[in-house]
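Participant: The following comprises the amino acid sequence and a computationally predicted model.
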Amino acid sequence: MKHLLITLALIVSLPLSAQKGLHINDIFKGKVVSRQEMREGIMRGDNLAPYKLNVLHTASFTGDEAERQLADRLFSADMKAYIADDTDMEMESRGGFLYYAIVQLIDTDSGLHRYICYQCKEKAKRFDITVVYMEGKATLADLRKTFKKK
């Protein structure tokens, strides 16, 4: 029983430790909107193998202007702190705010690539926001191909 509890604790903590140290972790922890207001998904393992990924962690929510600004600030802080140059990202702004971004973070010593993605769509003065953390062997070119972004 003790081994089962330790294994479960490790499985639950994997996605949290994967994005540890990133500002966007506050979004996943429910510090922008409560976790009850968020739709969250975590995938890892064989299901992601065709995409050359080990971890895919998503959080989506609908927020007001203040929540949009906070999520944007958190994402932008990671973008500025963890990219080497502009070739490691693509972004698009609309309506004076960040609409879409995919950023390759500085590689880890383990040889894994880490990515953060952001999308924000305005709907009647509310904002549908999705933040994604990905980790694996996939390159930015692989992800563009997978998501048909050229």
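Facilitator: Here it is on my side, so go on.

Participant: What ranges does the chain have for its strands?
Facilitator: Secondary structure of the chain (DSSP state E): strands located at 39-44, 53-63, 89-94, 97-105, 113-123, 126-136.

Participant: Report the inter-axis angle for the third one versus strand 97-105.
Facilitator: If you take axes from the mean of the first three to the mean of the last three C-alpha atoms, to 10 degrees, strand 89-94 sits at 180 degrees to strand 97-105.

Participant: Please list all residues in contact with the closest residue in space to residue 70 that isn't next to it in sequence.
Facilitator: Excluding its sequence neighbours, the residue lying closest to residue 70 (C-beta to C-beta, 6 or more residues apart in numbering) is residue 32, at 5.3 Å. Heads up, the C-betas are built off the backbone N, CA and C, glycines and all. Neighbouring residues of residue 32 by C-beta atoms under 8 Å, 6 or more residues apart in numbering: 26, 61, 63, 67, 70, 71, 74.

Participant: Could you identify the buried members of these?
Facilitator: Buried residues within the contacts of residue 32, defined by neighbour count using 16 or more other C-beta atoms under 10 Å: 61, 63, 67, 70, 71, 74.

Participant: any weak-confidence spans in this protein?
Facilitator: The model of the chain has pLDDT under 70 over residues 1-18, 84, 107-109, 148-150.

Participant: how about a cut-off of 50?
Facilitator: Along the chain, segments meeting pLDDT under 50 span 1-16, 150.

Participant: can you redo the buried ones among the contacts of residue 32 as TSV with distance to residue 131?
Facilitator: Formatted as TSV, the buried ones among the contacts of residue 32 follow (distance: C-beta to C-beta, whole Å):
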residue	distance to residue 131
61	9
63	11
67	12
70	12
71	7
74	8
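
Participant: Distance to residue 81 added to the strands of the chain, as JSON lines?
Facilitator: As requested, the strands of the chain are exported to JSON lines (distance: least, C-beta to C-beta, whole Å):
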{"stretch": "strand 39-44", "distance to residue 81": "24"}
{"stretch": "strand 53-63", "distance to residue 81": "19"}
{"stretch": "strand 89-94", "distance to residue 81": "13"}
{"stretch": "strand 97-105", "distance to residue 81": "9"}
{"stretch": "strand 113-123", "distance to residue 81": "11"}
{"stretch": "strand 126-136", "distance to residue 81": "15"}
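
Participant: Residue 98 contacts residue 118, doesn't it?
Facilitator: Yes. Between residue 98 and residue 118 there is a contact under C-beta atoms under 8 Å: 6.3 Å.
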